[in-house]
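Peer 1: Predicted model follows, preceded by the sequence.
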Protein chains: 2
Amino acid sequence: MRFGRERIARKEGDSAPVSLGEFELIDRFFRNRGARRADVALGVGDDAAVIDVPRGKRLVAATDTIVEGVHFPRAAPPRSIGHRALAVNLSDLAAMGARPAWATLALTLPAAEESWLREFANGLDELARAHEVALIGGDTTSGPLTVTVTLLGIAHSRGFLARSGAAPGDHIFVSGTVGDAAAGLAVLEARLKQGSAADREQLQRRFLFPEPRVELGERLLGIASAAIDVSDGLAADTGKLVRASNCGARIDAGALPLSAAIVACAGAQAARDWALGGGDDYELCFTVPAGRLAQLTGSVPVKRWPYTAIGLVTDGPGVVILDGAAILNVERAGFDHFVR
Amino acid sequence: MRFGRERIARKEGDSAPVSLGEFELIDRFFRNRGARRADVALGVGDDAAVIDVPRGKRLVAATDTIVEGVHFPRAAPPRSIGHRALAVNLSDLAAMGARPAWATLALTLPAAEESWLREFANGLDELARAHEVALIGGDTTSGPLTVTVTLLGIAHSRGFLARSGAAPGDHIFVSGTVGDAAAGLAVLEARLKQGSAADREQLQRRFLFPEPRVELGERLLGIASAAIDVSDGLAADTGKLVRASNCGARIDAGALPLSAAIVACAGAQAARDWALGGGDDYELCFTVPAGRLAQLTGSVPVKRWPYTAIGLVTDGPGVVILDGAAILNVERAGFDHFVR
């Protein structure tokens, strides 16, 4: 954890303005955050952190950045920003079937406002504790609001899930429901105003506080042939998975798992577009060879970890989406017409 | 390595504009960068990287962000930005006496310009190879230019250097020369125009291409009682070291190692101010108990790894700087009068 020379400027008209050097800011808001772990030999407060990796286990590392105005709107509550900065990385580790353990935080912010920082730190802290992740270090700098989390975790001794393991004939699944987060962002930005307040609230929550499927990822080890997390939209992410596997995919748009809330607020057609192109769901898209379907349904009860079969891996190339009679080749047509 | 939905906008009037999705951008500029390491099981291109940490060795992790307009001027060459993003983290690991091994890159940039990206990647790549660091993953996003590198390394089996080990009576040393980088930034920003072109070029190079003291840090294990890297200015960083050790410090301003170039360009007084308050030198400040001075000079020949005794650890509190007859208590007076 570095303590820069810069002083983060006070925010004018602040509820409780804080004039903080980087040292005080880190000490006050980011020390002892997340889970306490016995394997952290040296945490926040020195030039670097020191940790003990379990013997014989591989280390897994993911880095993701979220930028104000790009990945979340200016109106997003700070608690959500803290939550999402970690969640996007937890989701990457989930897609590897790995167990998260330690995180560093690089927070660039234009002004220090006490209530903002407290809420941001609490959002990060709460999710970190839920997944037994310790915050071991990081850096705060002044500049446009940008949050980068690097998440380290431990690979399962049985291995890890890569994107490249799918083969033609494998079944494609997605966890939970898709499209909700994109619809929720539309609610947040007042682009989607239909539906009940409760439904809109539910969609918005999917955007603000995504729940990465870490447990599901671990359970898919030895069953799934490949996995990816759905961060950029189901069609795009499925495309990446099958491209890494040198295959193609056929997705049945009619099979997409849609929440009752998104259908009620947006109608079936818009819901489907959001589900395919919307992004930010942080569900898992994974492939399972036909010979392991019984193992999947037996070892990973769909009642506890909901997932839906949405298509098949093909020889390819490209992702073909069947929507009733219409065929849309995503690879060629692109998905610019999708929402967002 | 995540591949975001966003497309980095083309830069208008570009020498060779590239319209790139994040996928293509990463594939083209950041795959197979840095050293090839046999311990990287899965590198750039999946949801996360997978690495083998040597058995029985502790992992060391540092994260540092550099922001355009805050940590480097808009005029900085992209090669320098790539170099510095890694160098600031290498310097953190040097201060731990740890050996760097793997890095992730989070690059937020407003526009994709081919020659800029190539130069940036080359700057990062060259320094990474020199220190046997593999680029294992990261994220590119669109937004204001911000670069966060997380550097992972391996702690020496003899342990690591913390900030907290100094005791009253220990001698304080600093490697190389200090103040050059701050003076070099002044040259870059045309605030410092005196001196010969060669001297100004040398100072500017210290800012643009700092050389982290990784080898020196490793050699100080078992000799130094504490260490910190000089990123925020010698006075401020010495203050952090002794505060972490519950001590104070007395620094003799007359003993500060100044380069001939900085004295020639700025004069002795400004050079001293820059040396104490300037920052960005990425030298190591370390403390050595009197009983280990012979070991220091014997095992770490000053001719090969230059360092200078600049003061003593005291009971404290605070850092006292003796400047001839004048005494400046840094802790109380602050260093706002210092340059930058």
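Peer 2: Okay, I see it.
Peer 1: can you count the residues close to whichever residue of the stretch 201-340 of chain A sits closest to chain B?
Peer 2: Per Cβ to the nearest Cβ, A:D232 is where the stretch 201-340 of chain A lies closest to chain B, at 4.0 Å. Backbone N, C-alpha and C define where each C-beta goes, glycine included. The number of residues packed near A:D232 is 25, by other Cβ atoms under 10 Å in any protein chain shown.
Peer 1: likewise the one 10 residues further on?
Peer 2: Here the neighbour count serves as a burial measure; for A:V242 (other Cβ under 10 Å) it reads 29.
Peer 1: And for A:F72?
Peer 2: 22.
Peer 1: rewinding a little: my guess is the residue of the stretch 201-340 of chain A closest to chain B is in a helix, correct?
Peer 2: No - applying DSSP: H, G, I helix; E, B strand; the rest coil, one finds A:D232 to be coil, outside a helix.
Peer 1: in stretch A:71-86, what's buried?
Peer 2: Buried residues in stretch A:71-86, defined by neighbour count with 16 or more other Cβ atoms under 10 Å in any protein chain shown: A:71-72, A:76-86.
Peer 1: Sorry, wrong one. I was asking about stretch A:157-168.
Peer 2: A:F160, A:L161, A:A162, A:R163, A:S164, A:G165, A:A166.
Peer 1: from the residues you listed, which is closest to A:V214?
Peer 2: Among the buried residues of stretch A:157-168, A:L161 lies closest to A:V214 (Cβ to Cβ), at 12.2 Å.
Peer 1: thought that closest one was touching A:I223?
Peer 2: No - using Cβ atoms under 8 Å, A:L161 is not in contact with A:I223, being 9.4 Å away.
Peer 1: what sits in contact with each of these two?
Peer 2: Listed as contacting both A:L161 and A:I223 by Cβ atoms under 8 Å, 6 or more residues apart in numbering or on different chains is no residue at all.
Peer 1: could you check the distance from the residue of the stretch 201-340 of chain A closest to chain B over to A:A261?
Peer 2: Separation of A:D232 from A:A261 (Cβ to Cβ, to the nearest Å): 22 Å.
Peer 1: can you pull out the helices in the stretch 51-200 of chain A?
Peer 2: Assigned by DSSP state H, counting those that start in this stretch, the helices in the stretch 51-200 of chain A fall at A:78-94, A:114-130, A:180-188, A:197-208.
Peer 1: What is the distance between the third one and the centre of its chain?
Peer 2: Think helix A:180-188. 15 Å (Cα atoms, centre = their mean, to the nearest Å).
Peer 1: what does the last one give?
Peer 2: Taking Cα atoms, centre = their mean, the mean C-alpha location of helix A:197-208 is offset from the chain mean by 17 Å.
Peer 1: Buried ones in that helix, by neighbour count?
Peer 2: For helix A:197-208, a neighbour-count test (16+ other Cβ under 10 Å) marks A:D199, A:R200, A:Q202, A:L203, A:Q204, A:R205, A:R206, A:F207, A:L208 as buried.
Peer 1: How about the second one?
Peer 2: Residues of helix A:114-130 classed as buried: A:114, A:116-128 (neighbour count, 16+ other Cβ under 10 Å).
Peer 1: now the third one
Peer 2: Within helix A:180-188, the residues that qualify as buried are A:D180, A:A181, A:A182, A:A183, A:G184, A:L185, A:A186, A:V187, A:L188, counting by 16+ other Cβ under 10 Å.
Peer 1: Who are the contact partners of the fourth one?
Peer 2: Shown here is A:A183, whose contacts under the criterion Cβ under 8 Å, 6+ apart are A:L192, A:L203, A:R206, A:A261, A:I262, A:C265, A:A266, A:A270, A:A271, A:W274, A:G278.
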